[in-house]
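[1] Need the 3D shape of this:
(2 chains)
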Amino acid sequence: MTDLIERPDSDEAAAPPPEETAPVFKPTRRRRRDYGAMLGAAWIGVVVIAAITANWLPLPDPNEVTDTFSKPPSWGSHLLGTDSLGRDTLSRCIFGARVSMAVAIGGTAMSLVIGVALGMIAGYFRGAKDGAISLLINFLLAFPPLIFLIALVAALRPNLSTLVFGLALLGIPNFARVARATTIAFAEREFVTAAKALGARPVRILTRELLVNVMLPVMSLALVVMATLVVAEGSLSFLGLGVPPPTPSWGGMLAAGRESLSEHPHLMFVPALFFFLTVFSFNRLGDWARGRVGRESSL
Amino acid sequence: MARFLLLLLLVSIAVFMLLELIPGDPVDALVPEGATPEMREQVRELYGLNDPLLQRYASWLGGVLQGDFGRSFQTRLPVAEAIAERAPVSLELAVLAMVVALAISVPVGVWSAYRPGGWVDRVATLVTSATLATPSFVLGILLVYVFGVQLKVLPILGWVPFSQDPVQHFSHLVLPVLTLAAGECVLFTRLLRGDMLATLQQDHVLSARARGLPTWRILARHALRQSSFSLVTVSGVVIGRLIGGTVIVESIFSLPGMGSLVVNAIISRDFIVVQSVVLLTALIYLLMNTLVDLTYPLLDPRVRKATS
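    Just a heads-up that it's a prediction; the model follows:
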């Protein structure tokens, strides 16, 4: 506008106003639909529902041995084929999803609760508490992840609950770090000072004022941790150190499929596909959530 | 440094306790079945299992510090020997994987940051997100299927010592190294691309371009050096992780490294081997992380100034 005032007689004055000043109500750019994330959510939803309702679905018993061995996937009685003992692959994949989802959801929830609590305490109180918690977290991070799990599996015999517990330990440092950093960033803000001035106790400030703000980045991290834990459980099962047979697990199926790779590659491809789709979905959802959080926190 | 030593102490205590926590009497693994109570007592005395916890920890730690990890329950051979025999395999795998990962991801990362949205960038994004969703055990078997079973161009199993046949040695390593490198490649490419994108926006890059310097020189000297920090940080962590992470690859390709040693030890309940390998890998991991912290100021003068 200053241009127009300084040179009222130039021909630019007649030109259409520049972009910035033109419409008062800028049409807000419509948010692009993230189809990848939507498909990911759909896949995770299907897997979770199938895992929960597996007992009522019209499926053969996952451990029922039949006399059709290593049948490739096709329309008909065994949709995804059978394994080398004649067990139905679809049924084993769905019952195997129970292990993967228990680990993904249970393990992540457990490490989220513990990690966020530790991180917030460290970030809010600082000092000795921060030192002790940081040491604990560095201790958990001192082991390469898979070696850490192998050590745990050696000490605690593998069954579903010890696996969930071990994997939860693996996830704690991630949550604690993010929670600590976010708490430190928010602890100096006015609303916290106001709450303190009103006489709120630390517990109230942590749970009522800070927790909401910490949860936003934590939730998008949770999706990524879920993907990591599914892979970690798969690695253990693949090495034969996961849930003991005959309980089906994707990693165990993959390890079994490896034995007959040249004759019956489908025994490997089916569980491999389940792994790929699940991890891919969690990752896409994580990316999507991170994008949303980034946008909201910049407001 | 004090923190490093404190962590080392904690790790050693945890690793020592690992053997204590294992359910069952350790003597069961040492005596033949149907041994008399007197024999069991003798073995207990011989291995010092009747001593108080603290004393056993001290003598164990003393042994470890002198390179004596104890003897395997199964083979009765010193664990240190078994590890010394197998460690070079894992180490070679880890180092080669690191080199391959950097050789692929540095050019790809730099170029995708230089032309964001270009075809290199789009292909790289597609490939990295697909690789990220493929766990290493899935990728390893896929590679075996494609190159070993279908195309029959590469050997899929086993290990040939370098001294015996160098060509065979490396051709047996192609698939394991690729499997191991893939995951780290994704990490490096994404990290470098993000950093480079930020660096290329800065004034000194613009000024270099205005002076008419060739593109490769701007990218390599003016942008890459500044963006390589997080790469160095992560590289240290990654090489530590690779040494522990060769377990899967060694199991798929039956390579005689530390990973297969530890897996077999768990299956045969030879826990003293597990304990030693866990301790060693944790030690390497911690050392790498500390080294990274120490080399940081050498690379970035800003950090040097801030800390001094």
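[2] tell me, how many neighbours does the nearest residue to B:S136 once chain neighbours are set aside end up with?
    Excluding its sequence neighbours, the residue lying closest to B:S136 (Cβ to Cβ, 6 or more residues apart in numbering or on different chains) is B:I248, at 5.1 Å. Just so you know, the C-beta spots here come from the backbone N, C-alpha and C atoms, and that holds for glycine as well. For B:I248, the neighbour count with other Cβ atoms under 10 Å in any protein chain shown is 24.
[3] And A:T162, by the same measure?
    15.
[4] and whatever residue of the stretch 151-299 of chain A ends up closest to chain B, how far is that from A:G45?
    Here the residue of the stretch 151-299 of chain A nearest chain B is A:F280; by Cβ to the nearest Cβ that distance is 3.5 Å. Distance, A:F280 to A:G45, by Cβ to Cβ, to the nearest Å: 15 Å.
[5] how about the residues of the stretch 101-250 of chain B near chain A?
    Residues of the stretch 101-250 of chain B lying near chain A by Cβ under 8 Å from any Cβ of the partner chain: B:129-130, B:132-138, B:141-142, B:144-145, B:149, B:240-241, B:243-245, B:247-248.
[6] Please pick the buried ones from these.
    Among those, those buried by neighbour count (16 or more other Cβ atoms under 10 Å in any protein chain shown) are B:129, B:132-138, B:141-142, B:144-145, B:240-241, B:243-245, B:247-248.
[7] so of these, which ones are in helices?
    Secondary structure from DSSP state H places B:129, B:132, B:136-138, B:141-142, B:240-241, B:243-245, B:247-248 of those in helices.
[8] Using pLDDT, spot the least trustworthy of those residues.
    In terms of pLDDT, B:G244 ranks lowest among those, with 72.
[9] Now do the contacts for that one.
    Listed by Cβ atoms under 8 Å, 6 or more residues apart in numbering or on different chains, the contact partners of B:G244 are A:F143, A:P144, A:P145, A:L146, A:I147, B:T281, B:I284, B:Y285.
[10] I'd like those as TSV, with pLDDT, neighbour count and secondary structure appended.
    Below are the contacts of B:G244 laid out as TSV (pLDDT from 0 to 100; neighbours: other Cβ atoms under 10 Å in any protein chain shown; DSSP: H, G, I helix; E, B strand; the rest coil):
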residue	pLDDT	neighbour count	secondary structure
A:F143	83	25	coil
A:P144	82	23	coil
A:P145	84	19	helix
A:L146	85	24	helix
A:I147	85	25	helix
B:T281	85	29	helix
B:I284	84	19	helix
B:Y285	83	25	helix
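[11] right, and the residue nearest to B:S136 touches A:L146 too?
    Yes. Applying Cβ atoms under 8 Å, one finds B:I248 in contact with A:L146, separated by 7.2 Å.
[12] what is in contact with these two at once?
    Joint contacts of B:I248 and A:L146 (Cβ under 8 Å, 6+ apart) are A:S235.
[13] Check chain B for the residue nearest chain A and tell me.
    B:G244 (2.6 Å).
[14] pLDDT averaged over the top helix by length along chain A - what is it?
    For chain A, the helix with the greatest residue count under DSSP H is helix A:266-298. For helix A:266-298, mean pLDDT is 82.
[15] so it versus helix B:136-143, what angle?
    On the basis of axes from the mean of the first three to the mean of the last three Cα atoms, to 10 degrees, helix A:266-298 is oriented at 130 degrees to helix B:136-143.
[16] From the contact counts, what lies against helix A:266-298?
    Packing partners of helix A:266-298 (3 or more Cβ pairs under 8 Å, 6 or more residues apart in numbering or on different chains; DSSP states H and E): helix A:35-52, helix A:89-101, helix A:211-238, helix A:250-259, helix B:119-132, helix B:136-143.
[17] hang on, the earlier thing: so for A:F280 and A:G45, which sits in the more crowded spot?
    A:F280 (20 against 11).
[18] shouldn't the more buried one be in contact with A:G40?
    Yes. Counting by Cβ under 8 Å, A:F280 touches A:G40, with 6.9 Å between them.
[19] Could you list the alpha-carbon positions for stretch B:281-296 in CSV?
    What follows is stretch B:281-296, C-alpha atoms only, in CSV (Å, rounded to 0.1, in the frame of the first residue of the first chain):
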residue,chain,number,x,y,z
THR,B,281,27.7,-56.3,22.9
ALA,B,282,26.5,-53.9,25.6
LEU,B,283,30.1,-52.8,26.2
ILE,B,284,30.7,-52.2,22.5
TYR,B,285,27.4,-50.3,22.2
LEU,B,286,28.2,-48.1,25.2
LEU,B,287,31.7,-47.4,23.9
MET,B,288,30.4,-46.4,20.5
ASN,B,289,27.9,-44.0,22.0
THR,B,290,30.5,-42.4,24.2
LEU,B,291,33.0,-42.2,21.3
VAL,B,292,30.4,-40.3,19.3
ASP,B,293,29.9,-37.8,22.1
LEU,B,294,33.6,-37.3,22.2
THR,B,295,34.1,-36.8,18.4
TYR,B,296,31.3,-34.3,18.2
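[20] how distant is that stretch from the center of its chain?
    Remark: stretch B:281-296 is offset 12 Å from the chain centroid, using Cα atoms, centre = their mean, to the nearest Å.
[21] Okay, buried residues for it please.
    Neighbour count says stretch B:281-296 has B:T281, B:A282, B:L283, B:I284, B:Y285, B:L286, B:M288, B:N289, B:T290, B:V292, B:Y296 buried, by 16+ other Cβ under 10 Å.
[22] tell me the angle of the strand or helix carrying B:A97 relative to helix B:119-132?
    Using DSSP states H and E, B:A97 falls within helix B:79-114. Angle of helix B:79-114 versus helix B:119-132, following the same axes, to 10 degrees, is 150 degrees.
[23] Pull out the buried positions in helix B:79-114.
    Across helix B:79-114, burial judged by 16+ other Cβ under 10 Å covers B:79-80, B:82-83, B:86-87, B:89-94, B:96-98, B:100-102, B:104-106, B:108-114.
[24] Same question for stretch B:251-260.
    Buried, per 16+ other Cβ under 10 Å, within stretch B:251-260: B:S251, B:I252, B:F253, B:L255, B:P256, B:G257, B:M258, B:G259, B:S260.
[25] Turn these into TSV, columns for pLDDT.
    Below are these laid out as TSV (pLDDT from 0 to 100):
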residue	pLDDT
B:S251	87
B:I252	87
B:F253	88
B:L255	88
B:P256	89
B:G257	87
B:M258	87
B:G259	86
B:S260	87
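[26] And A:G106, how close does it get to A:G242?
    According to Cβ to Cβ, A:G106 and A:G242 sit 15 Å apart.
[27] what does A:G234 give?
    Distance, A:G234 to A:G242, using Cβ to Cβ: 8 Å.
[28] Now the common contact residues for those two.
    Residues touching both A:G234 and A:G242 comprise A:S249, A:G251, with contact defined as Cβ under 8 Å, 6+ apart.
[29] Of these two, which one has the most company?
    Neighbours per residue (other Cβ under 10 Å) separate A:G234 from A:G242, with A:G234 holding more: 32 against 27.
[30] Mind telling me which residue of the stretch 1-150 of chain A is nearest chain B?
    Counting by Cβ to the nearest Cβ, the stretch 1-150 of chain A gets nearest to chain B through A:P144 (2.6 Å).
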